[in-house]
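[1] Any chance you could fold what I've pasted below:
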Amino acid sequence: MTTPSHPAEPPHPHPHLTDGVLGVFTRGSFALSDGTFLYDSSYSLTRDLGGRTVTLQLATTDPAEAHRLLPRLRHAVTHHADLHHRAVTAVVHTLSDGPPTPDDLTDLLLDTIEATSPTDLTLHLTDSCGAHFLDGYWPAVRFDGEDGVVGVTVEA
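    Numbers count the residues shown, from 1 in each chain. Next up is the predicted model:
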C-alpha cells in the first residue's frame, strides 16, 4: 500500500513571534495541490480564557508592527470577561429590541480577540446555539483604545 505524498512544507519564511506573557504567535500555512504554500495574513495563537479556547490575533504580517500590537492584546486578555460582556451587550442593543438576557450572555461566546492597531481591537463572537445568527455569520464588536464600543457588524 502506498501513502499519498503531501508536499513537505519548506522552512517557514515568517519568524515566530514570542511574547513572554501570551506565548508564541505564528503565521499559519496552507498547502495548495500544486505544492505552493499560502500564509495567513496575521500572527495568531490559541489560549484558554475562562474555560474556552480563544484565538488571539495580531492583524499584521510585519513582525515589528506585531510587537507594537502586543500591549493592546495583553490588555484585552486581562480584561476579556468585561470586554466580552460589553460586546454581547452592544450586539443585543444594536441588533434587537430588548436588553440582553442571561441566555444572550451564554449563547454568544468569545471566539477571537484581534488587535488591529496599537489602540483598537475587535472581538469576534460565536453563536453557540445557532438561534441568533444564520450559519456562517457571526457578530464582531470593535473597541477603541479606551475600551469603548465603536461598532458592531455581522461578518461572514
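[2] taking the mean pLDDT, what do you get for stretch 95-113?
    Throughout stretch 95-113, pLDDT has a mean value of 89.
[3] go on, stretch 138-147?
    Averaging pLDDT residue by residue across stretch 138-147 gives 98.
[4] From the rest of the structure, what touches that stretch?
    72, 76, 79, 82-83, 86-87, 90-91, 95, 108, 111, 116, 118-127, 133, 149-156 (Cβ atoms under 8 Å, 6 or more residues apart in numbering). The C-beta positions use only the backbone N, C-alpha and C, and glycine is treated the same way.
[5] Mind checking which of those residues are buried?
    Among the contacts of stretch 138-147, those classed as buried by 16 or more other Cβ atoms under 10 Å are 72, 76, 83, 86-87, 90-91, 108, 111, 116, 120-127, 133, 149, 152.
[6] Which secondary structure element of this protein has the lowest mean pLDDT?
    When the helices and strands of the chain are scored by mean pLDDT, DSSP states H and E, helix 102-107 comes last with a mean of 86.
[7] Can you report phi and psi for the nearest residue to Ala156 once chain neighbours are set aside?
    Leaving out its chain neighbours, the residue that sits closest to Ala156 by Cβ to Cβ, 6 or more residues apart in numbering is Tyr137, at 5.2 Å. As for Tyr137, its main-chain torsions (degrees, to the nearest 10) stand at phi -120, psi 150.
[8] Filter the contacts of stretch 138-147 down to just the ones in helices.
    Taking DSSP state H, the ones among those that sit in helices are 72, 76, 82-83, 86-87, 90-91, 95.
[9] In CSV: those residues, plus distance to Gly145.
    As requested, the ones in helices among the contacts of stretch 138-147 are exported to CSV (distance: Cβ to Cβ, whole Å):
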residue, distance to Gly145
Arg72, 8
Ala76, 11
Asp82, 15
Leu83, 13
Arg86, 15
Ala87, 16
Ala90, 17
Val91, 21
Leu95, 25
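[10] any idea how far Leu121 is from Gly148?
    Distance, Gly148 to Leu121, by Cβ to Cβ, to the nearest Å: 11 Å.
[11] Over to Ala66?
    For Ala66, the distance to Leu121 - Cβ to Cβ - is 14 Å.
[12] Please apply the same query to Phe30.
    In this view, Phe30 and Leu121 are 25 Å apart by Cβ to Cβ.
[13] again, but for Leu22
    13 Å.
[14] got it, and Asp103?
    Distance from Asp103 to Leu121, by Cβ to Cβ: 26 Å.
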